[in-house]
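A.B. asks: Here is a sequence together with a model predicted from it:
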Amino acid sequence: MHVQWIDYAVLAVYTAFVLGIGLVLRKSVHNSDDFFGSGRRIPGWVTGLAFLSANLGALEVMGMAANGAKYGVLTAHFYWIGAIPAMVFVGVFMMPFYYGSKARSVPEYLKLRFDEKTRALNAISFAFMTVLASGINMFAMAKVFQLLLGWSMDASILISALVVLGYTVLGGLSSSIYNEVLQFFLICFGFAPLVAIGLHDVGGWQGLVARMPPGFSHAWAGLGSASSNPMGVEWLGMAMGLGFVLSFGYWCTDFLVVQRALAAEDMNAARNTPLIAALPKTLFPFLVIAPGLIAIALTLHPLAGTAPLLQKLPDGTYDYNNALPLLLERYYPSGMLGVGLTALLASFMSGMAGNVTAFNTVWTYDLYQAYIRRDRSDAHYLKMGRFATVGGIALSVGAAYLAMHYNNIMDYMQLLFSFFNAPLFGIFLLGMFWKRTTGHGAFWGLLAGTVAAFGHYILTQMGVLHYPSDMAANFYQAIYAFSVCFFAGIVISIATRARPDSELEGLVYSLTPRIQDDRAPWYRRPAILGAGVLALALILNIIFW
């Protein structure tokens, strides 16, 4: 590809701009609360877009395009049942616990609700997962820049790490949030023309459907059995594995996204944060999945005078991760290519920064302050937070090389979620809605669910368990991890002593006063916003049935 000076200029301007945001916001960082939590003063619409954009890393942009090429419109389930219901649930029901408890992180909430050992187990597992997830974004960016610009993988990983390190160390969470808002708009402007040009090239939606494999244009019609759809999963695995366990496990318990809502200026803004994010999230399949559909159509039925877009791997599959970069190469001229590359860079930095800010908070508050250096000054913890940012990015560089072993980064990401988020959601569900849940039940249930996930994975790799696709295996692994955690938590809680009700006020649904939204305008009430988003998701499910 012949990348012109104007493309590099666009990339350079964007890089300078994000670093400038970090420099400006550095003046507002006076203590550790400012660095890790933005002082809880960010407007709701900003935290809402940041809540969405924190999930717009490689997982969303390249991963969903890869899934679109591999699985077709079935990929939309990651949005319409795999995100929207959970986002509404966390805004309406769970955010009052998070925000009202004054917890600075998800592990700290677990300490307040259960005990120290549950907090420690979750903090360690979450820190491990965020490093792996950040590595995915580094790998994806390096792959794109190697493919399109001819840069080496090592140089691309190093450059991305240094830029994110710069603005995160300077401005902390506030810098990450405001850059995520910028990145949201860049992603929209960078990829919308690509979808429009690609659809026009293949003859519109009808032409696209005619070029795709059978079953690629429907979301539900092929889920009667695992053999009748490209994902190899039936409706129960889809609804329970993705629609319930994985989606609720991520959106309701993952501190990466919850941290954005905790930075909101008040309770109403915190509850509306995931609901504001849910509206554009509902429409994002048209922006990030459509390129994958176009890519597989141009691979199986190339246009006259062109070669197939994706090349086959030695095992007979395609390198689906290349779908989006190759479309940029085909359709975007100089100048516009710079915008597309900048949008990709923005998505990768968004994912990296989100994971890094979550990592430095959990490390500093829930591991370092809790178990290594207690009762130190606020300045000491602020300094440790900046050191943790450096360490988290350094570890992420190593994790980037691990991600190279997967030809679909979304498969890899869902595998991680099935290990860590699926059992955690079981404990949250018990803890928030059953006051009898004990600290022992939470700890051993969470540990049992995680061990069950690893056991399932080992049996799958050994060939003892067989699934039609990696994604189907991930869905069922999540179901098993959640179920083992949930029922183990119940049994152990019954056998151990529960805490008195007076210690659980504000932490359990039945012991928390209901929040009245009467003073807020009707269009800002969480229940009404949530109902509207759910209705839109239902309509889209019916249209693409």
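C.D. replies: Received it, and whenever you're ready, just let me know what you need. Numbering: from 1, shown residues only.
A.B. asks: Make sure Phe248 is indeed in a helix.
C.D. replies: Yes: under DSSP: H, G, I helix; E, B strand; the rest coil, Phe248 sits within a helix.
A.B. asks: burial measure for it, as a count.
C.D. replies: 25 (other C-beta atoms under 10 Å). To be clear about C-beta, it is placed using only N, CA and C from the backbone, and glycine gets the same treatment.
A.B. asks: next one: Ser28
C.D. replies: 15.
A.B. asks: you'd agree it is up against Asp34?
C.D. replies: Yes: assessed by C-beta atoms under 8 Å, Ser28 is found in contact with Asp34 at 6.2 Å.
A.B. asks: you'd agree Thr130 is in a helix?
C.D. replies: Yes: assessed with three-state DSSP, Thr130 lies in a helix.
A.B. asks: So it versus Trp220, what's the distance?
C.D. replies: 33 Å (C-beta to C-beta, to the nearest Å).
A.B. asks: So between the two, which is more surrounded?
C.D. replies: Neighbours were counted for Thr130 and for Trp220 using other C-beta under 10 Å; Thr130 has more, 29 against 17.
A.B. asks: these two touch, right, that one and Asn360?
C.D. replies: No: with contact defined as C-beta under 8 Å, Thr130 does not reach Asn360; the gap is 9.5 Å.
A.B. asks: Now do the helix or strand bottoming out on mean pLDDT in the chain: distance to the chain's middle.
C.D. replies: For the chain, the helix or strand with the lowest mean confidence is helix 32-37, at a mean of 71 (criterion: mean pLDDT, DSSP states H and E). Here helix 32-37 is found 22 Å from its chain centre; the criterion is C-alpha atoms, centre = their mean, to the nearest Å.
A.B. asks: hmm, back to that, show me whatever sits in contact with both of Thr130 and Asn360.
C.D. replies: Counting by C-beta atoms under 8 Å, 6 or more residues apart in numbering, the residues touching both Thr130 and Asn360 are Gly392.
A.B. asks: Correct me if wrong: Ala452 contacts Tyr480.
C.D. replies: Yes: with contact defined as C-beta under 8 Å, Ala452 counts as touching Tyr480 (5.5 Å).
A.B. asks: Now the helix or strand where Asn122 lies: buried residues?
C.D. replies: Assigned by DSSP states H and E, Asn122 belongs to helix 116-149. Within helix 116-149, the residues that count as buried by 16 or more other C-beta atoms under 10 Å are 117-123, 125-148.
A.B. asks: What's the mean pLDDT across that helix?
C.D. replies: What helix 116-149 shows for mean pLDDT is 81.
A.B. asks: helix or strand right after it?
C.D. replies: Using DSSP H and E, the helix or strand that follows helix 116-149 towards the C-terminus is helix 153-201.
A.B. asks: Mind giving me the packing neighbours of the helix or strand hosting Ala277?
C.D. replies: Under the criterion of DSSP H and E, Ala277 resides in helix 267-283. Packing contacts for helix 267-283, counted by 3 or more C-beta pairs under 8 Å, 6 or more residues apart in numbering; DSSP states H and E, involve helix 44-53, helix 77-80, helix 84-89, helix 95-100, helix 255-262, helix 526-543.
A.B. asks: Make CSV from these and add mean pLDDT to it.
C.D. replies: Shown next, in CSV, are those (pLDDT from 0 to 100):
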stretch, mean pLDDT
helix 44-53, 81
helix 77-80, 87
helix 84-89, 90
helix 95-100, 78
helix 255-262, 80
helix 526-543, 87
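A.B. asks: okay, these in JSON lines with distance to Val169 and mean neighbour count next?
C.D. replies: Shown next, in JSON lines, are the helices and strands packed on helix 267-283 (distance: least, C-beta to C-beta, whole Å; neighbours: other C-beta atoms under 10 Å):
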{"stretch": "helix 44-53", "distance to Val169": "18", "mean neighbour count": "26"}
{"stretch": "helix 77-80", "distance to Val169": "32", "mean neighbour count": "24"}
{"stretch": "helix 84-89", "distance to Val169": "30", "mean neighbour count": "24"}
{"stretch": "helix 95-100", "distance to Val169": "26", "mean neighbour count": "21"}
{"stretch": "helix 255-262", "distance to Val169": "17", "mean neighbour count": "27"}
{"stretch": "helix 526-543", "distance to Val169": "35", "mean neighbour count": "16"}
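A.B. asks: for those, which one sits closest to Tyr371?
C.D. replies: Taking C-beta to C-beta, helix 255-262 is the member of these nearest to Tyr371, at 17.8 Å.
A.B. asks: and the angle for the closest one with helix 44-53?
C.D. replies: Orientation check (axes from the mean of the first three to the mean of the last three C-alpha atoms, to 10 degrees): helix 255-262 against helix 44-53 gives 170 degrees.
A.B. asks: what angle do helix 255-262 and helix 116-149 make?
C.D. replies: Using the same axes, to 10 degrees: helix 255-262 against helix 116-149 is 100 degrees.
A.B. asks: which residues are in contact with helix 255-262?
C.D. replies: 37, 40, 47, 50-51, 54-55, 90-91, 95, 98-99, 103-107, 126, 130, 133, 173, 177, 180, 250-251, 270-271, 273-274, 354-355, 357-358, 361-362.
A.B. asks: what inclination does that helix have with respect to helix 267-283?
C.D. replies: 130 degrees.
A.B. asks: Just the CA trace of helix 255-262, in CSV.
C.D. replies: Only the C-alpha atoms of helix 255-262 are listed here, as CSV (Å, rounded to 0.1, in the frame of the first residue of the first chain):
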residue,chain,number,x,y,z
PHE,A,255,-14.6,-2.9,36.4
LEU,A,256,-13.3,-1.7,33.0
VAL,A,257,-16.8,-0.4,32.1
VAL,A,258,-18.2,0.1,35.6
GLN,A,259,-15.3,2.5,36.4
ARG,A,260,-16.7,5.0,33.9
ALA,A,261,-20.1,5.1,35.6
LEU,A,262,-18.5,5.5,39.0
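A.B. asks: For Ser28 and Asp34, list the residues in contact with both.
C.D. replies: Counting by C-beta under 8 Å, 6+ apart, the residues touching both Ser28 and Asp34 are Ser174.
A.B. asks: what's the helix or strand for Arg330?
C.D. replies: Per DSSP H and E: Arg330 is located in helix 323-331.
A.B. asks: Distance from that helix to the middle of the chain?
C.D. replies: Computed by C-alpha atoms, centre = their mean, the chain-centroid distance of helix 323-331 equals 23 Å.
A.B. asks: now the very next helix or strand once past it: mean pLDDT?
C.D. replies: Heading C-terminal from helix 323-331, the first helix or strand you meet, by DSSP H and E, is helix 336-361. The average pLDDT within helix 336-361 is 79.
A.B. asks: Now do helix 336-361 and helix 44-53, the angle between them.
C.D. replies: Going by the same axes, to 10 degrees, helix 336-361 is angled at 100 degrees with respect to helix 44-53.
A.B. asks: List the buried residues in helix 336-361.
C.D. replies: Under the neighbour-count criterion of 16+ other C-beta under 10 Å, helix 336-361 has 336-361 buried.
A.B. asks: So which of the helices and strands packed on helix 267-283 is nearest Lys312?
C.D. replies: Lys312 lies closest to helix 77-80 among the helices and strands packed on helix 267-283, at 25.3 Å (C-beta to C-beta).
A.B. asks: hmm, who's touching that closest one?
C.D. replies: With contacts defined as C-beta under 8 Å, 6+ apart, helix 77-80 is touched by 64, 67, 219, 238, 242-243, 281-282, 284-285, 410, 537, 540-541.
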